[in-house]
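Structure for the following, please:
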Amino acid sequence: MRTAILPTHTLALFDAAVQQAADWLRRGAVVALPTETVYGLAANALDPVAVAKLYELKGRPAHNPIIVHVAGLELAQQCVTAWPGSAAQLAHQFWPGPLTLVLPRSRQIPDIVTAGGPTVGVRWPDHPLMQAVIRACGFPLAAPSANPANLVSPTTAEHVHKQFAGRLPLIVDGGAAGVGIESTVVDLTTLPWRVLRPGMISEEAIRAVGHPPSAPAADASGAASEHRGLRSPGQLPKHYAPKARLLVRTWHDTADLHQQLGALPFPRAKIQVIAHTRIPSDAGLAGVSVIPVDAAAYARAIYAELHRCDAAGVALIIVEALPAGPEWRGIVDRLNRAASD
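Alright, predicted model coming up:
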């Protein structure tokens with residue numbers, strides 16, 4: 001299969017990309033599309049055969065559900081059986097944007113999308129290309145990140161092409177992802193609600209909007225409580241990982257870092273350091289990368305840097321531990337899962 005990469009930097013190219021992507025999706029194909037978080041592999045969320053292709057392409061375990069992407073409140077509400085006041089409040093405040101709401105699923109959402117569970121994660125992404133494709137299709141899109149299961153999510157079309165060239169008919173290049181890590185996921189089927197996956201919209205920001213005023217319907221909440229499967233992606237212990245081993249460390253200075261590296265079974269020339277505050281000498285190392293100590297900038301840069309490290313063939317990535325604070329929680333979560341053995 002030849003994989004086309006379609007640019008979108010003019011209005012004519014944008015419109016052509018939307019049309020081609022929608023044509024493939026209507027035919028049950030899987031295509032790669034940009035969102036503001038990361039690039040996704042998209043399929044018709046109402047077509048279980050198309051969604052099965054997603055799982056096969058990614059090597060995704062069947063118990064890991066997929067988020068459904070919509071363009072508008074009407075389509076979102078068609079995917080669920082309850083739309084409580086909490087959903088309306090959060091959607092008004094944060095949609096379109098990097099927030100996923102977990103709610104009781106409607107019958108039109110196939111079991112394969114939700115891993116057989118009674119709930120579905122729904123998101124309205126803040127990317128004009130993704131929105132335009134959904135509107136052109138007229139159906140929601142199941143769209144997990146466009147990477148093999150558990151590996152680093154892609155933030156550019158090039159990242160997707162390196163992983164899936166020859167296995168997809170189409171990759172739409174919508175530029176580098178503006179957020180850089182996956183969405184915050186909030187489960188609204190429990191009281192109080194729970195953040196299942198942290199992201200760049202913090203729990204504190206969500207709380208400021210208000211607590212759910214009422215519980216979901218009794219049958220939906222009862223079914224949810226009995227189901228033991230995952231309600232959201234991003235909850236597996238090992239996830240978002242580069243091919244190289246990744247460790248999160250603190251150090252006082254270059255000497256301290258090199259002393260720590262001496263205890264590890266890796267040659268110095270195969271070790272890459274990613275720092276933000278205590279910048280060590282790169283003598284003898286594969287290199288030292290510096291990402292600004294700003295949460296939004298760091299989120300935009302970290303996955304691209306991990307992709308670069310893998311392309312360079314390093315064996316070990318040492319990441320300087322991040323600051324505390326709600327704005328860093330989602331990034332810390334991704335690095336901790338990437339470092340999990």
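
longest helix anywhere in this protein?
In the chain, with assignment by DSSP state H, the single longest helix is helix 295-312.

taking the mean pLDDT, what do you get for it?
Mean per-residue pLDDT for helix 295-312: 97.

helices and strands around it, which ones?
With contacts defined as 3 or more C-beta pairs under 8 Å, 6 or more residues apart in numbering; DSSP states H and E, helix 295-312 has these neighbours: helix 157-164, strand 271-275, strand 287-290, helix 329-338. Using the backbone N, CA and C atoms, a C-beta is placed for each residue, glycine as well.

and these, which is most packed in?
Stretch with highest mean neighbour count among the helices and strands packed on helix 295-312: strand 271-275 (a mean of 23; mean count of other C-beta atoms under 10 Å).

which outside residues touch that strand?
244, 257, 261, 264, 280, 282, 285-291, 302, 305, 309, 312, 314-320 (C-beta atoms under 8 Å, 6 or more residues apart in numbering).

A295 against P326, yeah?
No. Counting by C-beta atoms under 8 Å, A295 stays clear of P326, with 9.1 Å between them.

quick one, phi psi at L6?
When read as degrees, to the nearest 10, the backbone of L6 gives phi -100, psi 130.

Check for me that A43 belongs to a helix.
No. Using DSSP: H, G, I helix; E, B strand; the rest coil, the assignment for A43 is strand, not a helix.

How about F266, nearest residue that isn't a chain neighbour?
Spatial nearest neighbour of F266, excluding adjacent residues (C-beta to C-beta, 6 or more residues apart in numbering): L316 at 4.4 Å.

Mind listing the residues bridging to the one you found?
Counting by DSSP bridges, L316 is bridged to R245, I271.

ok, now which ones touch it?
244-247, 264, 266, 270-272.

what does H159 give?
Here H159 is in contact with 39, 146-147, 152, 303-304, 307 (C-beta under 8 Å, 6+ apart).

Turn those residues into a markdown table, columns for neighbour count.
Below are those laid out as a markdown table (neighbours: other C-beta atoms under 10 Å):
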| residue | neighbour count |
| --- | --- |
| Y39 | 30 |
| A146 | 30 |
| N147 | 24 |
| V152 | 27 |
| Y303 | 26 |
| A304 | 19 |
| H307 | 23 |
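
of all those, which comes closest to L11?
Y39 (21.6 Å; C-beta to C-beta).

you'd agree the closest one is up against V179?
No. Using C-beta under 8 Å, Y39 is not in contact with V179; the gap is 11.7 Å.

mind showing which ranges of the protein have poor pLDDT?
Applying pLDDT under 70 to the chain flags the ranges 210-229, 232-239, 341.

which residues of it fall in helices?
11-26, 48-58, 73-78, 85-94, 111-114, 128-137, 157-164, 203-209, 218-226, 254-262, 295-312, 329-338.

Nearest to A32, out of those helices?
With C-beta to C-beta as the yardstick, what comes closest out of these is helix 157-164 (4.6 Å).

Identify the residues contacting the residue positioned nearest the centre of the chain.
For the chain, E182 is the residue whose C-alpha lies nearest the centre (C-alpha atoms, centre = their mean; 2.9 Å). With contacts defined as C-beta under 8 Å, 6+ apart, E182 is in contact with 37-38, 98, 145, 153, 197, 199, 233-234, 334.

Make CSV from those and add distance to A91 to it.
What follows is the contacts of E182, written out as CSV (distance: C-beta to C-beta, whole Å):
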residue, distance to A91
T37, 17
V38, 21
P98, 13
S145, 22
S153, 24
R197, 18
G199, 16
P233, 20
G234, 20
R334, 25
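
thinking again about what came up before, can you lay out the helices and strands packed on helix 295-312 as a markdown table showing distance to P65?
Shown next, in a markdown table, are the helices and strands packed on helix 295-312 (distance: least, C-beta to C-beta, whole Å):
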| stretch | distance to P65 |
| --- | --- |
| helix 157-164 | 21 |
| strand 271-275 | 31 |
| strand 287-290 | 34 |
| helix 329-338 | 17 |
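
closest one to A71 among these?
Among these, the nearest to A71 by C-beta to C-beta is helix 157-164 (20.8 Å).

starting at the chain centroid, how far to the closest one?
Centre-to-centre, helix 157-164 and its host chain are 15 Å apart (C-alpha atoms, centre = their mean, to the nearest Å).

the inter-axis angle of it versus helix 295-312?
40 degrees (axes from the mean of the first three to the mean of the last three C-alpha atoms, to 10 degrees).

so how far is L261 from the residue of the chain most remote from its centre?
Of all residues in the chain, A255 has its C-alpha farthest from the mean position, at 36.3 Å, by C-alpha atoms, centre = their mean. From A255 across to L261, the span is 11 Å (C-beta to C-beta, to the nearest Å).

coming back round to it: list of residues touching the longest helix of the chain?
38, 152-156, 159, 162, 176-181, 200, 240, 242-244, 246, 272, 274, 276, 286-287, 289, 291-292, 317, 322, 325, 327-328, 330-331, 334-335, 338.
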